[in-house]
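J.: Next input, structure requested:
(2 chains)
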Amino acid sequence: QKEVEQDPGPLSVPEGAIVSLNCTYSNSAFQYFMWYRQYSRKGPELLMYTYSSGNKEDGRFTAQVDKSSKYISLFIRDSQPSDSATYLCAMRKTGANNLFFGTGTRLTVIP
Amino acid sequence: GAGVSQTPSNKVTEKGKYVELRCDPISGHTALYWYRQSLGQGPEFLIYFQGTGAADDSGLPNDRFFAVRPEGSVSTLKIQRTERGDSAVYLCASSLSGGPETQYFGPGTRLLVL
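T.: So this is what the prediction gives:
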């Protein structure tokens, strides 16, 4: 079993919809949580970075962390066709340097 | 400013050959990471450098893989006796000082072993 689980999708939504992306993890040593966006044939680009449980908002994006349930989410409001990409959750353990990634969820926003 | 750059962007080689993949991190970043991303998967950690030294090479899959960073800036990932299973996108990332600092990724090198 992988330490980080993410539904690979694909997920297809109409423009303007609210998108919910999720990851679960099994190791409580994960303390730092990130969401990366990856366009086709590009490297991952950091969207959100959180440490504590709770919500963090940045424009149309909200990251949510529930450490008690070992569950993280990314919400995208008013989704745009330009949001079409693969979204990767990533986590880091305290004292470690490398990131553990989910498989990524491929999102398509239809105009 | 310039981001992380990687060369070549694509590399096609034959089984058994030797390949070198290059990473130029963001200027001033002391931490450098290599990850491998197979089709439909998330990136998987290979090796982490802090300065010139490999601080963590626990992700290297076997002794055909090794990486260097002789002057604490540019890094080269070297793969000997390539196998078809080595085909993947090799991503490099850098961060200011390691630890919780944000990792910035390059565009990757797509390696295809025939």
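
J.: pLDDT weak spots in chain B?
T.: In the predicted model, chain B carries pLDDT under 70 at residues B:1.

J.: In contact with the spatially most central residue of it, which residues?
T.: Taking Cα atoms, centre = their mean, the centroid of chain B lies closest to B:Trp34, which sits 3.3 Å from it. For B:Trp34, the contact set (Cβ atoms under 8 Å, 6 or more residues apart in numbering or on different chains) comprises B:Cys23, B:Phe45, B:Leu46, B:Ile47, B:Ala67, B:Ser75, B:Leu77, B:Tyr90, B:Leu91, B:Cys92. All C-beta atoms are positioned from the backbone trio N, CA, C, and that covers glycine.

J.: Over to B:His29?
T.: Contacts of B:His29 (Cβ under 8 Å, 6+ apart): B:Ser94, B:Ser95, B:Leu96, B:Ser97, B:Tyr104.

J.: Can you get me a residue count around the second one?
T.: Yep, that's B:Ser95 we're talking about. 21 (other Cβ atoms under 10 Å in any protein chain shown).

J.: Would you list the phi and psi of it?
T.: Backbone dihedrals for B:Ser95, given as degrees, to the nearest 10, come out at phi -140, psi 160.

J.: bridging residues for it?
T.: Taking DSSP bridges as the rule, B:Ser95 bridges to B:Ala31.

J.: ok, back up a step: can you confirm the residue nearest to the centre of chain B is in a helix?
T.: No: using DSSP: H, G, I helix; E, B strand; the rest coil, the assignment for B:Trp34 is strand, not a helix.

J.: Which of the contacts of B:Trp34 sits closest to A:Tyr51?
T.: Each of the contacts of B:Trp34 was checked against A:Tyr51 using Cβ to Cβ; the closest is B:Phe45, at 20.0 Å.

J.: Number of residues surrounding B:Ala93?
T.: By other Cβ under 10 Å, neighbour count at B:Ala93 equals 27.

J.: Just checking the distance from stretch A:80-98 to the centre of its chain.
T.: Stretch A:80-98 sits 5 Å away from the centroid of its parent chain (Cα atoms, centre = their mean, to the nearest Å).

J.: Which strand or helix spans the closest residue to chain A within chain B?
T.: Proximity of chain B to chain A (Cβ to the nearest Cβ) peaks at B:Gly42, 3.1 Å away. Element membership for B:Gly42, per DSSP states H and E: none, as it lies in no helix or strand.
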